[in-house]
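Novice: below is the sequence, then the predicted model.
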Amino acid sequence: MKFTFSVSPNLRQKQSTKRMMLELTIALLIVYAFSLFYYFKEFGSEYAIQALLMMATALGVTFVTEIAWALFKKENMKKYLASSFGWITAIILVLMCPVDTQLYALGMATFFAIFVGRILFGGFGQNIFNPAAVGFAIIFASFAGSKVADVATGATPISTMATGYNWLTLNDTMISTLLDKFDGLWNLFLGWYPGGLGETSTLLLLVLGAILAIRKVIDWRVPLIYLGSIFVLSSALALFSGMSNWLWYPIFHVCTGGVAFGAVFMLSDPVTSPATKQGKCVFALGAGIITVLIRVLANAPEGCMYSILIMNMLTPAIDQAFSGKQRALIKKSWISLSVLSLLGLGSMYLANMAITPAEPKKPEKPKTEMIAMGDDYVNSLSAKLDGSVKNADGSTTYQITAEGFAAKEGPNMPDYGHPFEPNQFEITIAADNKTIVSVNVTAMNDTEYFGDKILNAKYLDQFKGKDISTLNEVEKNDVVSGATFSVKSSMRALLEVKKALGY
Amino acid sequence: MSLLLGSMRHHIPGYKELTSKKAILEVNAGPQVFIPMFASHSTQFEILVQEGDHVKVGTKIAVCKDRMEIPIYSSVSGTVKGVQKIMHMSLKPLDHVVIENDGKMERELPFQPLDYQTATREELIAFMKEAGIIGQGGAGFPTYVKYQSAKDIKKLIIDAAECEPYITADHIAMENHLDEILVGILAMRKMAQAEEAVIAIKKTHTEMIKKVEAAVANINGVRVLAVPDVYPIGWERALVRYVMKKDYQKLPSEAGAIVNNVSTAYAFANALLHGEPIITALMTVSGNAVKEPVNVHCPVGVPASELIEACGGYTCEDVKLIAAGAMMGKTIVNDKFVAERQMNAITVLATESYDSVACMRCGQCCDVCPVGLQPVRIVQSAKAKNQAMMEKLHAMDCIECGLCAYICPSRLDVTENVRKAKRQLAMAKK
Ligand code: SF4
Ligand code: SF4
């Protein structure tokens, strides 16, 4: 018979850290699956594959880093890998990144997150900063330009708000333009728009957050207070600014920029938040205030991430401030929370003074440029009169072939899949042999999407009614921007008619 | 649910069904019994018998002379064989008086029964002291002390919540001896001069609540109070806070309450009605590693090995043998320790090792701590040898209830580490 000694208590509850981490992982993977589905559906398999590659990169770097460290420290490999939970950091990091993040940048960020953010601090449980936020900050600081150029996924609601709207607008048209751009508030809530891979669907994140909170994997206080304070503060800002119909504004704040993701998966990370409920409440409220302030005052879309890092840094101080028996600290907690709330609201009032709401930009005058008929390049093009037809009303239509960009520069250009041939024009002159009736392009062989801009009526109509004998310059307006060479080709054709008429 | 506080308690599966419905198993003393010379943390005893003396059931064999006077009586009849050092349930090797059992169970009345209705309060207190009644909740504190200084008591709270898992000794006592228990309670109420006696029973024990309610229906000033099925609701402070809605600094009497265990009332009733001091133990032998979990009734001083054998023995080779409950009881590495007067259970659990990982600062230990401490931070300060911080965190107020370690998802020995912090502080004080 063996009587084993052990210290009391001799019972343990069922929930274990390992199981909590497993449940957290499952929740993260559900978010990831949603994201894969979105990119596959909206942008095609290429994007889904890119998202898969991102996950593979981050997980790969994580495991390689941890294996190397375990070998270096001669740790029990299996035990080390199973109890370091590095993969969670990796997945969170991937879900924060947009789909067009360069893999090498993500790989570097992961390495930083795992090695600097976790291992150097002493491993799981010891880190001060949320490691995924550390990794993400690295991507932003060092690899800001490292995105795969991508028109399709460029603008996110939050970046649009930051760059185009100054975080505040009172103009109803602008509000609806902004919201329409992402198919309305409901769609913002659903998350069917591009952004950080896992950050878009507020609905999904809230549902998962609720499940995790019920299962006691995270503390409900943190996400609730964080999102709640963002909602209240942005409402206050909207009201201070005198916005009518302001409800969209706080909703926009809560549904964008990854705050729901940050709330559920990063801010509630136990390791980097205070130990007691009281500390956690102060922590979450502080993060909410900082997020909104960073957004509206620094005009930075990454408010959420920075607020997390700042509050992580303050965690030891918060813990310190709430030392003692918790019952005796309740009053102190209420005072702290009230003071913070007032500070937050006050800062919103001041912010309202500091921000100028974005106004619709005055329609800019279309850019026009005059090109003289005597332009060197125009004269360097060759052209010939192919023939002319007398029309019943006495006007004459001239057919002209004139070199354009393709014909002139063509042989040196890479093959764009069409012959390097000159363009052909039909120019009709009225019976007085002076007034231009019309200018038409019958064959356009210049570069697609550029040369063919001169087919635009807005360009060609400028000639109507003009006197060809005195035509000395041509207006290159906004519709033909980028089609300078083709404009010159058309000028060369007009010049040829001018010559034929003896002017 | 409170925004700024955790639950400060926790529901723990009780496993009460293992023993709560079974009849009490009477276990007779073997050839020898070993009476521990221990009372309320004291081992300063004057032993009144000598080797070779003949004693009867009820013979006073020793008296504690430290701070409070506590007599100890023989539980069998037979011959004194001397004094032996044996491991005690408090995890210390202590003197035990060895008595060879002659099997006759000859009795003597160490004191006369007392009618509590005619006796004065002072007489009752003196009687309780003489009878050596000590708290049956596990601590073994002499009960008369609470009443001696009682003033302005509103409520006598009878703890029948039995919040430790596996244990049903109080339950089974109420099941079988409710009439006696009520006598004990009424006598105690008189001593406390309390307006009301409140019997706290867990909400979940609906049948027991009904039974006791029916029994007290015609008694003025005694009622049943259903309390939540959480641990440690039976802790004095938790119970007083729940019943009186008040906190106190040092003693429950500040909040107008005296708390006693229901089994203490039973022990007192035995003395009042039958002139019998505490010479037997009614306790639960349960757990997942004993063949037939059951409540046993045995003379004080019977070794654990005999009790376990009476319950069919162990079910596996490697067990944790716990003197008392799984949460607060200490594991003892042999089964020679004996049934004590205040012992309410022996819990036998199959040894399983917990796969622990690093603390993730989840704060669950802070949420459940009934005292409202922050165990995780106390442990950190202890590691950093930061005594000022440990004091600021009130480490010394820990009651070692074990809940912080129970809850810890990283399966760390949080309670033990808090104990270490307490030891560090105690050392520094010296
Ligand atoms: S419950 Fe365990 S893991 Fe959580 S803070 Fe306390 S000691 Fe750390
Ligand atoms: S053992 Fe001490 S620190 Fe742990 S929960 Fe109980 S009272 Fe609190």
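Specialist: Cool, the structure landed. Numbers count the residues shown, from 1 in each chain, chains lettered A, B, ... in the order given. Ligands and ions are numbered 1, 2, ... in the order given.

Novice: low-confidence ranges in the chain?
Specialist: Went with chain A since none was named. A:140-141, A:143-155, A:163-164, A:170, A:360-367, A:410-419 (pLDDT under 70).

Novice: ah, no, chain B please
Specialist: B:1.

Novice: in it, which spans are helices?
Specialist: In chain B, the helices defined using DSSP state H lie at B:121-130, B:144-148, B:169-192, B:206-216, B:236-244, B:262-274, B:304-310, B:364-368, B:375-383, B:387-392, B:403-407, B:414-429.

Novice: can you tell me how far whichever residue of the stretch 1-150 of chain A sits closest to ligand 2 is from B:R419?
Specialist: Nearest to ligand 2 in the stretch 1-150 of chain A, going by CB to the nearest ligand atom, is A:P9, at a distance of 8.1 Å. All C-beta atoms are positioned from the backbone trio N, CA, C, and that covers glycine. To B:R419, A:P9 is 12 Å away according to CB to CB, to the nearest Å.

Novice: among the two, which residue is more densely surrounded?
Specialist: More neighbours surround A:P9 than the other of A:P9 and B:R419, with 28 against 17 (other CB atoms under 10 Å in any protein chain shown).

Novice: skipping adjacent residues, who's closest to the more buried one in space?
Specialist: Among residues not flanking A:P9 along the chain, B:G402 sits closest, at 3.1 Å (CB to CB, 6 or more residues apart in numbering or on different chains).

Novice: separation between the residue of the stretch 1-150 of chain A closest to ligand 2 and B:E254?
Specialist: Distance check for A:P9 against B:E254: by CB to CB, it reads 29 Å.

Novice: just to revisit the earlier point, show the contacting residues for the residue nearest to A:P9.
Specialist: Counting by CB atoms under 8 Å, 6 or more residues apart in numbering or on different chains, B:G402 makes contact with A:S8, A:P9, A:L11, B:M327, B:M328, B:T415.

Novice: what's the closest of those to ligand 1?
Specialist: Of all those, B:T415 has the smallest distance to ligand 1: 10.0 Å, by CB to the nearest ligand atom.

Novice: can you pull the contacts of the closest one?
Specialist: A:V7, A:S8, A:P9, B:P375, B:C398, B:E400, B:C401, B:G402, B:L403, B:C404, B:A405.

Novice: which residue packs closest to it, ignoring adjacent ones?
Specialist: In space, B:T415 comes closest to B:A405 once its chain neighbours are excluded; the distance is 4.1 Å by CB to CB, 6+ apart.

Novice: my read: the one you found touches B:V379, true?
Specialist: No. Taking contacts as CB atoms under 8 Å, B:A405 lies outside contact range of B:V379: 10.5 Å.

Novice: burial of the closest residue to chain A within the stretch 1-150 of chain B, as a residue count?
Specialist: In the stretch 1-150 of chain B, the residue that lies nearest chain A is B:L4 (4.9 Å; CB to the nearest CB). Residues near B:L4, counting by other CB under 10 Å, number 22.

Novice: and what of A:K78?
Specialist: Look at A:K78: counted by other CB under 10 Å, it has 9 neighbours.

Novice: repeat that for A:T356.
Specialist: Per other CB under 10 Å, the neighbour tally for A:T356 reads 8.

Novice: and it, how far is that from ligand 2?
Specialist: With distances taken as CB to the nearest ligand atom, to the nearest Å, A:T356 is found 55 Å from ligand 2.

Novice: excluding its backbone neighbours, what's nearest residue 403?
Specialist: Just going to use chain A. Ranked by CB to CB, 6+ apart and with sequence neighbours excluded, the top spatial neighbour of A:E403 is A:L381, at 4.2 Å.

Novice: actually chain B
Specialist: Leaving aside its chain neighbours, B:L403 sits nearest to B:V368 (4.8 Å; criterion: CB to CB, 6+ apart).

Novice: ok, B:S356 next?
Specialist: Nearest to B:S356 is B:R411, by CB to CB, 6+ apart, at 4.2 Å.

Novice: how close does the one you found sit to ligand 2?
Specialist: Distance, B:R411 to ligand 2, by CB to the nearest ligand atom: 15 Å.

Novice: over to B:K320?
Specialist: Distance, B:K320 to ligand 2, using CB to the nearest ligand atom: 18 Å.

Novice: across the sheet, point out what pairs with that residue.
Specialist: B:L349 (DSSP bridges).

Novice: run a quick neighbour tally on it.
Specialist: 24.

Novice: same check on A:E426?
Specialist: Around A:E426 sit 17 other residues, with neighbours defined as other CB under 10 Å.

Novice: ok, now B:Y314?
Specialist: B:Y314, neighbours per other CB under 10 Å, totals 21.

Novice: list the contacts of A:S341.
Specialist: Counting by CB under 8 Å, 6+ apart, A:S341 touches A:S229, A:L285.

Novice: list the buried residues for the helix or strand harbouring it?
Specialist: Using DSSP states H and E, A:S341 maps to helix A:330-354. Residues A:I330, A:S333, A:S336, A:L337, A:L340, A:S341, A:G344, A:S347, A:M348, A:A351, A:N352 are the ones in helix A:330-354 that count as buried (16 or more other CB atoms under 10 Å in any protein chain shown).

Novice: starting at the chain centroid, how far to it?
Specialist: Computed by CA atoms, centre = their mean, to the nearest Å, the separation of helix A:330-354 from the middle of its chain amounts to 31 Å.

Novice: can you name the next helix or strand after it?
Specialist: strand A:369-372.

Novice: what about the helices in the stretch 301-450 of chain A?
Specialist: Here the stretch 301-450 of chain A has its helices, by DSSP state H, counting those that start in this stretch, at A:303-321, A:330-354, A:376-380, A:405-409.

Novice: closest to B:A126 out of the ones you listed?
Specialist: Of all these, it is helix A:330-354 that lies closest to B:A126, at 44.5 Å by CB to CB.

Novice: need the contact list for the residue nearest to B:T415.
Specialist: B:A405 neighbours (CB under 8 Å, 6+ apart): A:S8, A:P9, A:R12, B:C365, B:L412, B:D413, B:V414, B:T415, B:E416.

Novice: can you report how many residues lie near A:K466?
Specialist: A:K466: 15 surrounding residues under other CB under 10 Å.

Novice: can you tell me the closest non-neighbouring residue to it?
Specialist: Nearest residue to A:K466 in three dimensions, chain neighbours excluded: A:I436, at 5.1 Å (CB to CB, 6+ apart).

Novice: any idea how far apart the tips of stretch B:192-211 sit?
Specialist: Length of stretch B:192-211, first residue to last, CA to CA, to the nearest Å: 25 Å.

Novice: gap between that stretch and the chain center?
Specialist: Its chain's C-alpha centre and that of stretch B:192-211 lie 18 Å apart, by CA atoms, centre = their mean.
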